[in-house]
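> whatever this is, show me its structure:
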Amino acid sequence: MELRQLRYFVKAAETLNFSEAAKGLYITQSTLSQQIRQLETELDVQLFQRNSHEVTLTEAGAELLPYAKETLYAADTCKEHIRDLQQLLTGTLNIGVTYSFSPILTETVLAFMKLYPEVKLNIFYKTMTELMQMLVKREVDFVLAFKPTRRYEQIESHILFDNHLSVIVRSDHALAQKQKVTLGELEKYEFALPSKGLQARNTFDQVFSERDYKFKVRVELNEVNILLKLIKKSNLVTILSEATIHDESGVKAIPLDVNEYEMEGCIHTLKHAYRKHSALKFIHLLSESNAIRERMHTWLG
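Model prediction:
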């Protein structure tokens, strides 16, 4: 049994489409089929049920899949560990980022690419729930996001900086000069909100669901940049974390006067998992960036 065969098997099992799997692996479909057949022959089981319409995993294939993934992860971790021992910053670093966290990341990405040109960065922008699932599956090395509202048993969260839920308005809005805004004051304004599932929206929904307020929501968006453009060109109000508008002109963040709902910026990693040398370098660069430095916590040492 070869690692290559296991890698081919996992890709085919994830896509359940031999043509798509072959394209993703940059090999021919015939090569993929041949390697899968050799693996089936060695194990003396059928891993896939194939016909002209669909591909499905057999019981044996479904049983093999988690073991194959674990084996490939162990092999990749071994290679990363050896590179780290040799102090060679090469390979790939996979980072998961929530949409709200993205504005404070640009400075670090550019600095990292300049310092470590041999490391390829894969950055995935998704919701908190999607990213935590990717982290558990080891599809990303760590996640940059705010503190989750639910507990993940396999994941540990290290607070990187303090943050809070804020009312975001254009710079000359009537609320822009206030020090804090209460939920009651917001009832007379129309809202453009981030879509349900995004972390700022989840936190805000939790805030007002526990209180008897009614808000007029005119539009919901899952794209923060477009949402901020709407805010700049209208009298609409939105709710985001303060960090979301880092380096953003034309808008103002006013803290929401609800002290128990902070949104700390965190680094999320798998418990007891090996941390790549490149991941530690990226995290340290992030902690030293202008966007983070003033509010940084000390867990990095």
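> where do the helices sit along the stretch 151-300 of the chain?
With helices called from DSSP state H, counting those that start in this stretch, the stretch 151-300 of the chain shows them at 183-186, 199-209, 224-232, 277-287.
> figure out which of those is closest to residue 174.
Among the helices of the stretch 151-300 of the chain, the nearest to residue 174 by Cβ to Cβ is helix 183-186 (10.0 Å). Using the backbone N, CA and C atoms, a C-beta is placed for each residue, glycine as well.
> give me the residues contacting that closest one.
With contact meaning Cβ atoms under 8 Å, 6 or more residues apart in numbering, helix 183-186 is reached by 167, 175, 207, 208, 211, 213, 215, 237, 256, 257, 258.
> give me the buried entries from those residues.
167, 175, 207, 215, 237, 256, 258 (16 or more other Cβ atoms under 10 Å).
> got a list of what the last one touches?
Spelled out, that is residue 258. Applying Cβ under 8 Å, 6+ apart, the residues near residue 258 are 165, 183, 207.
> again, only using 6 Å
Neighbouring residues of residue 258 by Cβ atoms under 6 Å, 6 or more residues apart in numbering: residue 207.
> same check, this time on the second one
Contact criterion Cβ under 6 Å, 6+ apart gives 169, 181, 254 as the residues in contact with residue 175.
> list just the nearest of the buried ones among the contacts of helix 183-186 to residue 20.
Out of the buried ones among the contacts of helix 183-186, the member with the shortest distance to residue 20 (by Cβ to Cβ) is residue 207, at 42.9 Å.
> next one, pLDDT for that closest one please.
Per-residue confidence at residue 207 stands at 73 (pLDDT).
> on that earlier part again, looking at the helices of the stretch 151-300 of the chain, spot the one closest to residue 22.
So among the helices of the stretch 151-300 of the chain, helix 277-287 is nearest, using Cβ to Cβ, at 29.3 Å.
> thinking again about what came up before, and the buried ones among the contacts of helix 183-186, which two are furthest apart?
Between any two of the buried ones among the contacts of helix 183-186, the greatest separation by Cβ to Cβ is 17.0 Å, found for 175 and 207.
> circling back: take the buried ones among the contacts of helix 183-186 and keep only those in strands.
residue 167 (DSSP state E).
> tabulate the buried ones among the contacts of helix 183-186 (JSON lines), appending distance to residue 286.
Formatted as JSON lines, those follow (distance: Cβ to Cβ, whole Å):
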{"residue": "167", "distance to residue 286": "27"}
{"residue": "175", "distance to residue 286": "31"}
{"residue": "207", "distance to residue 286": "28"}
{"residue": "215", "distance to residue 286": "34"}
{"residue": "237", "distance to residue 286": "30"}
{"residue": "256", "distance to residue 286": "26"}
{"residue": "258", "distance to residue 286": "28"}
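> tell me how far residue 39 lies from residue 7.
To residue 7, residue 39 is 11 Å away according to Cβ to Cβ, to the nearest Å.
> right, I mislabeled it, should have said residue 274
Look at residue 274 and residue 7: by Cβ to Cβ, they are 19 Å apart.
> could you do residue 67 as well?
As judged by Cβ to Cβ, residue 67 and residue 7 stand 13 Å apart.
> what is the mean pLDDT for the lengthiest helix in the chain?
Across the chain, the longest stretch assigned as helix under DSSP state H is helix 59-85. Mean pLDDT, helix 59-85: 83.
> name all residues that make contact with the nearest residue to residue 233 once chain neighbours are set aside.
Nearest residue to residue 233 in three dimensions, chain neighbours excluded: residue 170, at 7.7 Å (Cβ to Cβ, 6 or more residues apart in numbering). Shown in contact with residue 170 (Cβ under 6 Å, 6+ apart): 231, 232, 251.
> do residue 119 as well
Taking Cβ under 6 Å, 6+ apart, we find residue 119 in contact with 89, 93, 278.
> also residue 219?
Residue 219 makes contact with residue 192 under the criterion Cβ under 6 Å, 6+ apart.
> where does the stretch 201-301 of the chain have low pLDDT?
Applying pLDDT under 70 to the stretch 201-301 of the chain flags residues 210-211, 259-263, 293-301.
> compare residue 67 and residue 7 (neighbour count), which wins?
Legend: neighbour count by other Cβ atoms under 10 Å for residue 67 and residue 7, higher for residue 7 (18 against 10).
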